[in-house]
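Q: Build me a structure from this.
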Amino acid sequence: MKNILNIYIKRPLLYDLFICAFIITVIEVFNVLSLSITLDSAKSTISDIVNTSISLAGFILAALTIIVTFKDNIAHREQSNPNPKLNDLSGLELIFSSKHYKRIIGVFSWAAVIYISIFLLFSILKLFLSKIPEKFYLDIVLVGILLISFTIFRSLLVLYNVIKLQINSK
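A: Predicted coordinates for the structure are as follows:
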């Protein structure tokens, strides 16, 4: 399971798009959801997707700022005590000095890029939605919802693992 998650986290957007395409293909081919949505409901849902994505981008940027600030504080503390024992390090200090720090930052950075991209793409898409055939409205809305959900899941997974490491070190 760890290998699958590591592969997934290396190229998250690519795999998210593959999963979205697979889900939409299954829905279209097997007619799983026999729904159709109107232009007004599509625009309303796209507005919700835009608002959610920009809010989550702000959250991710705040989380990145906090992580970088913690890293700077720990680096400053390490300068005052250059040879700490491994047992004396907190969970966060272990993370910041490990090879996983770059991956954690990468996951959060990609999440911010994905959310900002969703914001821009769906804001523009909303303007031209009336030019798109109605049969694609549900697909467009599902892609937005799925991309936001997958990115939240990935970020929470990383946060959970950081918290787990911190708890295990105490």
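
Q: contacts, neighbours, all on C-alpha from now
A: Fine.

Q: could you say what helices and strands the one helix or strand Leu125 maps to packs with?
A: Using DSSP states H and E, Leu125 falls within helix 100-127. Contact here means 3 or more Cα pairs under 8 Å, 6 or more residues apart in numbering; DSSP states H and E; on that basis helix 100-127 packs against helix 39-80, helix 137-169.

Q: Report the buried residues of it.
A: For helix 100-127, burial by neighbour count (16 or more other Cα atoms under 10 Å) applies to 101, 104-105, 107-119, 122-123, 125-126.

Q: hmm, which helix or strand of the chain has the shakiest average pLDDT?
A: Within the chain, no helix or strand scores below helix 91-96, which has a mean of 60 by mean pLDDT, DSSP states H and E.

Q: tell me the pLDDT at the residue nearest the centre of the chain?
A: Nearest to the mean C-alpha position of the chain, by Cα atoms, centre = their mean, lies Thr151 at 2.5 Å. Thr151 carries a pLDDT score of 94 in this model.

Q: Find the nearest non-adjacent residue to it, please.
A: Counting by Cα to Cα, 6 or more residues apart in numbering, Ala111 is the residue found nearest to Thr151 once chain neighbours are left out, at 5.9 Å.

Q: tell me the contacts of that neighbour?
A: 57, 60, 151-152, 155 (Cα atoms under 8 Å, 6 or more residues apart in numbering).

Q: In TSV: these, plus distance to Thr25.
A: TSV is the format used below for the contacts of Ala111 (distance: Cα to Cα, whole Å):
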residue	distance to Thr25
Ala57	28
Ile60	30
Thr151	21
Ile152	23
Ser155	26
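
Q: quick one: which of these is nearest Phe22?
A: Phe22 has its nearest neighbour among the contacts of Ala111 in Thr151, at 17.0 Å by Cα to Cα.
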